[in-house]
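A.B. asks: Turn this into a structure:
(chains A, B, C and D)
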Protein chains: 2
Amino acid sequence: MNKTLKISDAVVRRLPVYLRYLDELSMKNVQTVSSQDLGIKLDLNPAQIRKDLAYFGEFGKKGIGYDVNYLIEKIRQILKIDKLINVALVGAGNLGHALCNYNAYLKDHMKICAVFDAAPSKIGEKIHNITVQPVQELSETIKDKEIRIGIITVPAQEAQQVANLFVEAGVEAILNFAPAIIKVPAEIRVHNADFTTELQSLAYFLD
Amino acid sequence: MNKTLKISDAVVRRLPVYLRYLDELSMKNVQTVSSQDLGIKLDLNPAQIRKDLAYFGEFGKKGIGYDVNYLIEKIRQILKIDKLINVALVGAGNLGHALCNYNAYLKDHMKICAVFDAAPSKIGEKIHNITVQPVQELSETIKDKEIRIGIITVPAQEAQQVANLFVEAGVEAILNFAPAIIKVPAEIRVHNADFTTELQSLAYFLD
DNA sequence: TAGATTGTTAATCGATTAACAATC
DNA sequence: TAGATTGTTAATCGATTAACAATC
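C.D. replies: All right, here's what the predicted structure looks like:
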């Protein structure tokens, strides 16, 4: 398949969902899975799943389906999590702590390996085996540890400042949990994961 | 506008984003705003913003723009957060605590007013002014307090069970933070807000 | 009036789904 | 071989954007 073809966001966002279920199957020692099976389990159209995967290569066998472990390997490669990606987080509040708990789940594919905060009371605190550092050390640490993704879990009014620090330090992508729009250069990818907008849009669907 | 017209998810998800920025403008005593202004600030096409709003009514004035406070009122009505909506949360871990912190931000429009956990060690704990209750009390509390939305912040393997409890108790919509697909009757709306899939899809955009 | 900006239609663009030949 | 299921094309469906008459 043509690597230069632009893959849509919607496709990319489904890949981790496939991966998560495939991991489950793998742990149950399931060998193969069809797009039909996946579609039922994940509430998606089987044709869509086949098409999503076909953007990146021919991973299945006609008449058989997909080899679970092979597909896991391929999706990890596509998502670029086949090698460890280091992540930094700013904002050692409850949300920051919660996200650090996912390190175990992310296994050896992604790792929050540095946490920063501006408040002196937080500095030196241990979250699992990570020590909270002052934001002044952000730039140096990001370079030293080759951190490529930054997570923002500070209050809305500090989000832009933190984004600026990340950008200057050379981070390539940002996951923003603050309820604020942050502006960054076009080459930096930002995903917003704002709880309040999620909850408000859910209210629309009440009767 | 035709109320029976099906509004797309994409439209509904943008409304809270508009609302958040309009609230900012209102606090700065800005009287009116154009779709142009909004578009620049929110990185959206002005025509899209006008079209989104036009699904629900004629809220603007030609040649002038939108009255900020009037539009806030209208969007709140559309999202059904013009009256207080009660929310329950199961899973009093770090993530549960973090979400409870947003109560102040959600003001008098939505409120997490009950928190449950299965672990005896958590029961009775105070989160701000909410006392953590055992899950056995979930159904009764949800009915008593007229709770309409449920939030799941338990580990993946317990998510489906909690979803079942919510559905039985009569909740109308669920916000699921667990990295798991939960199955519910079609009339119950589920939004997934899973940190791990967000982070993994972000990795795709690294160079 | 002249300039600005909405609401809405038509055009474009993109994503999903159906269908089926290829083939395991 | 017969049945199953992929990869892919074509058809459908839906969302975004451009353009502009209406009008403040």
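A.B. asks: got a list of what A:Leu5 touches?
C.D. replies: A:Leu5 makes contact with A:Tyr55, according to C-beta atoms under 8 Å, 6 or more residues apart in numbering or on different chains. Heads up, the C-betas are built off the backbone N, CA and C, glycines and all.
A.B. asks: do A:Gly60 as well
C.D. replies: Neighbour list for A:Gly60: A:35, A:50, A:53, A:66 [criterion: C-beta under 8 Å, 6+ apart].
A.B. asks: now the residues you listed as CSV including secondary structure and pLDDT?
C.D. replies: CSV is the format used below for the contacts of A:Gly60 (DSSP: H, G, I helix; E, B strand; the rest coil; pLDDT from 0 to 100):
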residue, secondary structure, pLDDT
A:Ser35, helix, 98
A:Arg50, helix, 98
A:Leu53, helix, 98
A:Tyr66, strand, 98
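A.B. asks: of all those residues, which two lie farthest apart?
C.D. replies: The largest separation in the contacts of A:Gly60, counting by C-beta to C-beta, is between A:Arg50 and A:Tyr66 at 9.3 Å.
A.B. asks: those strands in chain A, which residues are they?
C.D. replies: Counting by DSSP state E, chain A has strands at residues A:32-33, A:60-61, A:65-67, A:85-90, A:110-117, A:126-127, A:130-134, A:147-152, A:173-176, A:189-192.
A.B. asks: which of those sits most buried?
C.D. replies: Of the strands of chain A, the one with the most neighbours on average (mean count of other C-beta atoms under 10 Å in any protein chain shown) is strand A:147-152, at a mean of 26.
A.B. asks: ok, and what's touching it?
C.D. replies: Here strand A:147-152 makes contact (C-beta under 8 Å, 6+ apart) with A:85-91, A:96, A:99, A:110, A:112-114, A:141-142, A:159, A:162-163, A:166, A:169, A:171-178, A:182, B:199, B:202-203, B:206.
A.B. asks: filter those residues down to the ones near DNA strand C?
C.D. replies: Restricting the contacts of strand A:147-152 to those within reach of DNA strand C (C-beta under 7 Å from any atom of the strand) leaves nothing.
A.B. asks: quick one: low-confidence ranges for chain A?
C.D. replies: Residue ranges of chain A with pLDDT under 70: A:1-4.
A.B. asks: mind redoing it with 80?
C.D. replies: A:1-5 (pLDDT under 80).
A.B. asks: can you give me the helices for it?
C.D. replies: Counting by DSSP state H, one finds helices in chain A at the ranges A:9-27, A:35-42, A:46-54, A:68-78, A:94-100, A:103-106, A:138-144, A:156-169, A:195-204.
A.B. asks: Show me what the third one is packed up against.
C.D. replies: So that's helix A:46-54. Counting contacts by 3 or more C-beta pairs under 8 Å, 6 or more residues apart in numbering or on different chains; DSSP states H and E, helix A:46-54 packs against helix A:9-27, helix A:35-42.
A.B. asks: can you redo these as CSV with distance to DNA strand C and mean neighbour count?
C.D. replies: Formatted as CSV, these follow (distance: least, C-beta to the nearest atom of the strand, whole Å; neighbours: other C-beta atoms under 10 Å in any protein chain shown):
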stretch, distance to DNA strand C, mean neighbour count
helix A:9-27, 4, 18
helix A:35-42, 9, 16
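A.B. asks: Distance to chain B added to these, as TSV?
C.D. replies: Compiled in TSV, those are given as follows (distance: least, C-beta to the nearest C-beta, whole Å):
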stretch	distance to chain B
helix A:9-27	4
helix A:35-42	6
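A.B. asks: Which of those helices sits closest to B:Asp194?
C.D. replies: Among the helices and strands packed on helix A:46-54, if distance is taken as C-beta to C-beta, the winner is helix A:9-27, at 8.3 Å.
A.B. asks: can you list the residues of chain A near DNA strand C?
C.D. replies: Going by C-beta under 7 Å from any atom of the strand, the residues of chain A near DNA strand C are A:8-11, A:44-45, A:47-48, A:50-51, A:61-64.
A.B. asks: residue nearest the centroid of chain A?
C.D. replies: Per C-alpha atoms, centre = their mean, the C-alpha nearest to the average position across chain A is that of A:Leu175, at 7.7 Å.
A.B. asks: so the closest residue to that residue other than its chain neighbours bridges to which residues?
C.D. replies: Nearest non-adjacent residue to A:Leu175, counting by C-beta to C-beta, 6 or more residues apart in numbering or on different chains: A:Ile151, 4.8 Å away. Note on A:Ile151: beta-bridge partners by DSSP bridges are A:Leu89, A:Leu175.
A.B. asks: Any idea how many residues pack against A:Ser34?
C.D. replies: For A:Ser34, the tally of surrounding residues (other C-beta atoms under 10 Å in any protein chain shown) stands at 16.
A.B. asks: wait, what's in contact with the closest residue to it other than its chain neighbours?
C.D. replies: In this structure, A:Ser34 finds its nearest non-sequential neighbour in A:Gly65, 3.9 Å apart by C-beta to C-beta, 6+ apart. Contacts for A:Gly65 (C-beta under 8 Å, 6+ apart) come out as A:32-35, A:37.
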